[in-house]
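Colleague: Structure, please.
(2 chains)
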Amino acid sequence: MIRPITLPLLVLALAGVLAMVISVGVGSVAISPADVLSVFLGEGSNLQRTLILELRLPRTLSAFATGGLLAVAGALMQVLLRNPLADPYVLGLSGGAAVGALLAMLAGLGGAVISGSAFAGALLATLMVFGLAHGTGSWTPSRLLLTGVVVAAGWGAVITLMLAISPARELPGMLYWLMGDVSFARIPWPGLGLLTVVCVLVVPLGRSLNVLARGPMQAAALGISVRPLEWLIYILASLLTATAVTMAGSIGFVGLVVPHMLRLVLGNDQRLILPACALAGGTLLVLADTLARVVIAPEQLPVGVITALLGVPTFLYLLYRSR
Amino acid sequence: MDAMQSRHMQTLSTRNLVIDIPGRADGYPLDLTIGSGQIWGVLGPNGAGKTTLLHTLAGLRPPRAGALYLDDVSVSGIKRRVFSQQLGLVFQDRQDDFPATVMETALIGRHPWLSPWQMEGADDLAMAQRALEALDVLHLKDRLVSTLSGGERQRVAIATLMTQSPHTWLLDEPTNHLDLHHQVAVMKLLTDRAAAGNAIFMCLHDLNLAARWCDHILLMYPNGEACWGPAERMLVPNALERLYNQQLATVEVDGAPFFVPRRT
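Modeller: Presented below is the predicted three-dimensional model:
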């Protein structure tokens, strides 16, 4: 709450741009950063233009949006539950969204209906987890988390079941809902737009989130209307998760590790952490996707494998250094 | 002096207030006026409803009957944010698990004073710094609250209330976890605040701290009965023995009564 906010965000934004330049340059045909820049400036050869603007850039931007959305959703859930282990994937939001999207696909519906169905699935998952955890009255974060974990396992089973009964020719297009993969993502703009809106919203909301992190009673004693704020966070987190899942399936690690790493480095002011999550989450997923494309080229890895392999050691190192 | 003295201060009072304790058939109506400069001590055995009373006074749970007033305005018509500029509370149970440093924790006290678009400024920072210094935890300002000892966390919580700088201070067992020196330091701090015009209202388990530092006492009996008034009228051995169901011996130290439990 006392650190300057612009400098870290500037550094993170720069890192994001750098990651994207690297990402669109890497592939079966390598393109140097200088050529990438010249294409952005409207020059370059036709082949390079097609490769970058039509094939690689949409995927890179989608990866950025997905990573940012998941990281912000994770950070929001963590404040809501006052538990650094909360994450849209752990709480079953991703699973609910994936089931919603798969149902729409099984019914032969397309486009906007799939997104809407994914959002409904994420909201349903949220309501289920919070409703069940509320139960007879006590509403402790640990109980909430445990309910979320169990419900998430349930969603995983439903997804596997749906994949098992789907026609074989649909499988390649559906499998990524389970693994998380940005290679099918082609339209990054809704995700990027939502990410921008949330980052702007965080400016007036951030201090209330800081107070809510000290517990609902303390927040109420400092003049916050706790219930409306909590509902706003559920809905925001569900919307963010659903948008991310519709773009790239359930990628599990970003919402957990990015907020953690940023808190260790930047402190705990949500007004800084949430926009930083958007930038760092996006950057992480862009880099992870780049790696996923080249590690076993010409084959591609699901990006979720890379996020886990990248995230775990970094996180452990930072955690170890902080004490 | 600082911002907290220059604004209008409003006195908290209750009219026929009955706190809502599950399982208690009927409560005793309270007509309290917590005036400027007064230090109230609330005494009573476990389960008498001391914490419930504090939460009710802070507007965090509805009373069974009666109402709260700031001056002559019913609290139900006052916005939460405006109310929390006038009244603040140190909780007995706090949620310190989510990461935040001592300084960040103290600064949330400024929340009611800032508009949504405002960042904490140099003044807010200075207030938090003064409060942390007054509670002897400034040297811990960059530590995570979750890594502190119970007594240090208690002092950070009081510093947060001091940073909030409401007129009326409610404190639930403010001397919990504190060593003897810091117990006295906190009591002195509260006395200073009262002398500066604040109203202090706290639950205490230590009868003798109340006898030494409080000028008004509220006794809460387990059956819901209550009586209140100036300390010297309330702190009589008969009433206290009935309150705690415990025989007491009384001696006098520095002109104030000192109560010691008898062995029988």
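
Colleague: Show me what from the stretch 1-150 of chain B comes close to chain A.
Modeller: B:55, B:58, B:60, B:79-85, B:88-89, B:91, B:94-101, B:103-105, B:107-109, B:111-112, B:114, B:116-117, B:119-120, B:125 (CB under 8 Å from any CB of the partner chain). C-beta here means a position set from N, CA and C on the backbone, and glycine is covered the same way.

Colleague: Please enumerate the helices of the stretch 201-323 of chain A.
Modeller: Along the stretch 201-323 of chain A, counting by DSSP state H, counting those that start in this stretch, helices occupy A:216-221, A:226-248, A:254-266, A:270-294, A:303-322.

Colleague: Flag the shaky bits of the stretch 201-323 of chain A, pLDDT-wise.
Modeller: A:311, A:314-323 (pLDDT under 70).

Colleague: what about 50?
Modeller: Within the stretch 201-323 of chain A, the segments meeting pLDDT under 50 span A:323.

Colleague: residue nearest the centroid of chain B?
Modeller: The C-alpha lying nearest the average C-alpha coordinate of chain B belongs to B:Leu171 (CA atoms, centre = their mean; 1.9 Å).

Colleague: quick one: contacts for that residue?
Modeller: B:89-90, B:158, B:161, B:190, B:200-203 (CB atoms under 8 Å, 6 or more residues apart in numbering or on different chains).

Colleague: picking up where we left off before, let me have the helices of the stretch 201-323 of chain A in JSON lines, extended by mean neighbour count.
Modeller: Listed next are those as JSON lines, based on neighbours: other CB atoms under 10 Å in any protein chain shown:
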{"stretch": "helix A:216-221", "mean neighbour count": "22"}
{"stretch": "helix A:226-248", "mean neighbour count": "23"}
{"stretch": "helix A:254-266", "mean neighbour count": "24"}
{"stretch": "helix A:270-294", "mean neighbour count": "27"}
{"stretch": "helix A:303-322", "mean neighbour count": "16"}
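
Colleague: If I look at residue 154, what pLDDT would I see?
Modeller: This is for chain A. You'll see A:Gly154 listed with a pLDDT of 91.

Colleague: should've been chain B
Modeller: For B:Gln154, pLDDT reads 96.

Colleague: Give me the neighbour count for it.
Modeller: 24 (other CB atoms under 10 Å in any protein chain shown).

Colleague: what do you get for B:Pro116?
Modeller: 10.

Colleague: which one is it nearest to, not counting chain neighbours?
Modeller: With CB to CB, 6 or more residues apart in numbering or on different chains as the measure, A:Pro204 is the residue that lies nearest to B:Pro116, at 3.8 Å, once sequence neighbours are left out.

Colleague: Separate out the buried members of the residues of the stretch 1-150 of chain B next to chain A.
Modeller: B:55, B:58, B:60, B:80-81, B:83-85, B:88-89, B:91, B:94, B:96, B:98-101, B:103-105, B:107-109, B:111-112, B:120, B:125 (16 or more other CB atoms under 10 Å in any protein chain shown).

Colleague: Next, check those against the strands and list the overlap.
Modeller: B:88-89 (DSSP state E).

Colleague: Return the per-residue confidence for the closest residue to chain A within the stretch 151-264 of chain B.
Modeller: The nearest approach of the stretch 151-264 of chain B to chain A comes at B:Gln164, 7.0 Å away (CB to the nearest CB). The confidence metric pLDDT takes the value 96 at B:Gln164.

Colleague: give the contact list for it.
Modeller: Contacts of B:Gln164 by CB under 8 Å, 6+ apart are A:222, B:84, B:88, B:109-112.

Colleague: Of those, which is the nearest to B:Gly49?
Modeller: Relative to B:Gly49, the closest of the contacts of B:Gln164 is B:Gly88; by CB to CB it sits at 20.6 Å.

Colleague: Tell me how many other residues surround the closest residue to that closest one other than its chain neighbours.
Modeller: Nearest non-adjacent residue to B:Gly88, counting by CB to CB, 6+ apart: B:Pro166, 3.9 Å away. By the criterion of other CB under 10 Å, B:Pro166 has 25 neighbours.

Colleague: isn't B:Pro166 right next to B:Val90, touching?
Modeller: No: using CB atoms under 8 Å, B:Pro166 makes no contact with B:Val90, being 11.1 Å away.

Colleague: Which neighbours do the two have in common?
Modeller: By CB under 8 Å, 6+ apart, no residue touches both B:Pro166 and B:Val90.

Colleague: how many other residues sit next to the nearest residue to A:Ala297 once chain neighbours are set aside?
Modeller: Leaving aside its chain neighbours, A:Ala297 sits nearest to A:Ser28 (7.2 Å; criterion: CB to CB, 6+ apart). Number of residues near A:Ser28 (other CB under 10 Å) recorded here: 9.

Colleague: same check, this time on the one 10 residues further on
Modeller: The number of residues packed around A:Ser38, counting by other CB under 10 Å, is 16.

Colleague: Give the full set of residues in contact with it.
Modeller: Contact partners of A:Ser38, counting by CB under 8 Å, 6+ apart, are A:Gly44.

Colleague: got it, and the one 10 residues further on?
Modeller: For A:Gln48, the contacting residues are A:31, A:35, A:39, taking CB under 8 Å, 6+ apart as the criterion.

Colleague: The residue nearest to the spatial centre of chain A sits in which helix or strand?
Modeller: With distances taken as CA atoms, centre = their mean, A:Leu70 lies nearest the centre of chain A, 1.5 Å away. Taking DSSP states H and E as the criterion, A:Leu70 maps to helix A:57-81.

Colleague: what angle separates that helix from helix A:254-266?
Modeller: If you take axes from the mean of the first three to the mean of the last three CA atoms, to 10 degrees, helix A:57-81 sits at 70 degrees to helix A:254-266.

Colleague: between the next helix or strand after helix A:57-81 and helix A:57-81, how big is the angle?
Modeller: Once the chain leaves helix A:57-81, the next helix or strand it forms, by DSSP H and E, is helix A:93-106. Orientation check (the same axes, to 10 degrees): helix A:93-106 against helix A:57-81 gives 130 degrees.

Colleague: residues from the stretch 51-200 of chain A in reach of chain B?
Modeller: A:78-79, A:82-84.
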